[in-house]
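>>> Okay, predicted coordinates and the sequence, questions at the end:
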Amino acid sequence: MTVQDIRSFNRFYTNVIGALDYGRRLYAPYTLTESRVLYELAHAPRTDAADLRAQLHLDAGYLTRILNKFEEDGLVERGPSETDPRRRRVTLTAPGREAAALLDERAQQSVGAMLATVRAEDRLRLAEAMRTVRTILGEGRAPRPEDVVLREPAPGDLGWIVQRNAALYAAEYGFDADYEGLVARIVADYGEDHDPHLERTWIAELDGRPVGCVMCVRDDTPGAARLRLLLVEPDARGLGIGDRLVGALVAFAREAGYREVVLWTNDILTAARRIYQRHGFVLVAEKPHRSFGRELTGQDWRLDLHETPE
């Protein structure tokens, strides 16, 4: 391979990106960089400006001008950071989330239209080729939090949720097949009948493969959403994926009009419990039980969404 080969490919791919109408209809009335900022804020509801600048590799003054514009337009709110008063936390408002959702919908439609021109038998080859490019050119570089994308499930992802929950909980906690049966029922109920305005599943993707998930479903208690099946692959831990998944779920539940978010877990899942506590969940009850071939202590946690977000 020569330098000219790469430059030739770059020119070709630039034309492909242009065909998707980037920078015109797709992102209007925002620039590409402004749209990237909205995207990051939508997928990390609690973000410090300094972290945002580092993730997007933006000049501090440039990012400040973008955030000033967004604040004037009512898209974001800024306040003191929870961890460092010298930092500024940035969160999307309801209009900001609507704008980000519109941009995401346009991107999905544009890429979907392009994929529609690719023969079904060629799509796997295309995905493998793109993964190969990312793997080879990214070799030796440790994954970064900004490499992780939160997205909706694609065909096969619901099956992945069942398989990975069963395999990981068996390997790490000794759960038996009863747990796989429980997860399969939860996922099947969601796949067969869910209201997309009130229920949602997020897949965390890293380098083209799923590495995490969480589900938001309606609870039997009126006005309550239930968090289910939070999972992060072992080799993707330490990138803040669990925090992002729970943050996205809480923001969605608040926007959907739920009064509270509830969840049930077990005391041995210490890493997950720390995530819940960081997002304001409170332990309300616990009870010993024998399930999945283990003696466990089940715990009920609750987050009041009527309280002012921290």
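Perfect, thanks for sending it.

>>> Name the residues of stretch 31-48 that are buried.
34-48 (16 or more other CB atoms under 10 Å). In short, each C-beta sits where N, CA and C put it, glycine included.

>>> got any ranges where the stretch 101-250 of the chain has weak pLDDT?
Scanning the stretch 101-250 of the chain for pLDDT under 70 picks out the ranges 139-140.

>>> residue ranges of the strands in it, please?
According to DSSP state E, counting those that start in this stretch, the stretch 101-250 of the chain carries its strands in the segments 148-151, 200-206, 209-218, 224-232.

>>> which one of these lies closest to L58?
Nearest to L58, of all those, is strand 148-151, at 18.5 Å by CB to CB.

>>> packing partners for the closest one?
Strand 148-151 makes packing contacts with strand 200-206, helix 241-256 when contacts are defined by 3 or more CB pairs under 8 Å, 6 or more residues apart in numbering; DSSP states H and E.

>>> Select, out of the strands of the stretch 101-250 of the chain, the one closest to L168.
strand 224-232 (6.6 Å).

>>> hang on, the earlier thing: mind putting the strands of the stretch 101-250 of the chain in a markdown table, mean neighbour count and distance to A60 included?
Listed next are the strands of the stretch 101-250 of the chain as a markdown table, based on neighbours: other CB atoms under 10 Å; distance: least, CB to CB, whole Å:
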| stretch | mean neighbour count | distance to A60 |
| --- | --- | --- |
| strand 148-151 | 18 | 24 |
| strand 200-206 | 21 | 28 |
| strand 209-218 | 21 | 30 |
| strand 224-232 | 22 | 31 |
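
>>> Tabulate those strands in CSV, adding columns for distance to A28.
Shown next, in CSV, are these (distance: least, CB to CB, whole Å):
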stretch, distance to A28
strand 148-151, 23
strand 200-206, 26
strand 209-218, 30
strand 224-232, 33
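
>>> which non-adjacent residue is nearest L75?
Nearest non-adjacent residue to L75, counting by CB to CB, 6 or more residues apart in numbering: G96, 3.6 Å away.

>>> Next, the angle from whatever helix or strand that neighbour lives in to helix 241-256.
Per DSSP states H and E, G96 falls inside helix 94-115. Counting by axes from the mean of the first three to the mean of the last three CA atoms, to 10 degrees, helix 94-115 points 110 degrees away from the direction of helix 241-256.

>>> What is helix 94-115 packed up against?
Counting contacts by 3+ CB pairs under 8 Å, 6+ apart, helix 94-115 packs against helix 32-43, helix 241-256.

>>> So which of those is nearest N165?
Of all the helices and strands packed on helix 94-115, it is helix 241-256 that lies closest to N165, at 13.9 Å by CB to CB.
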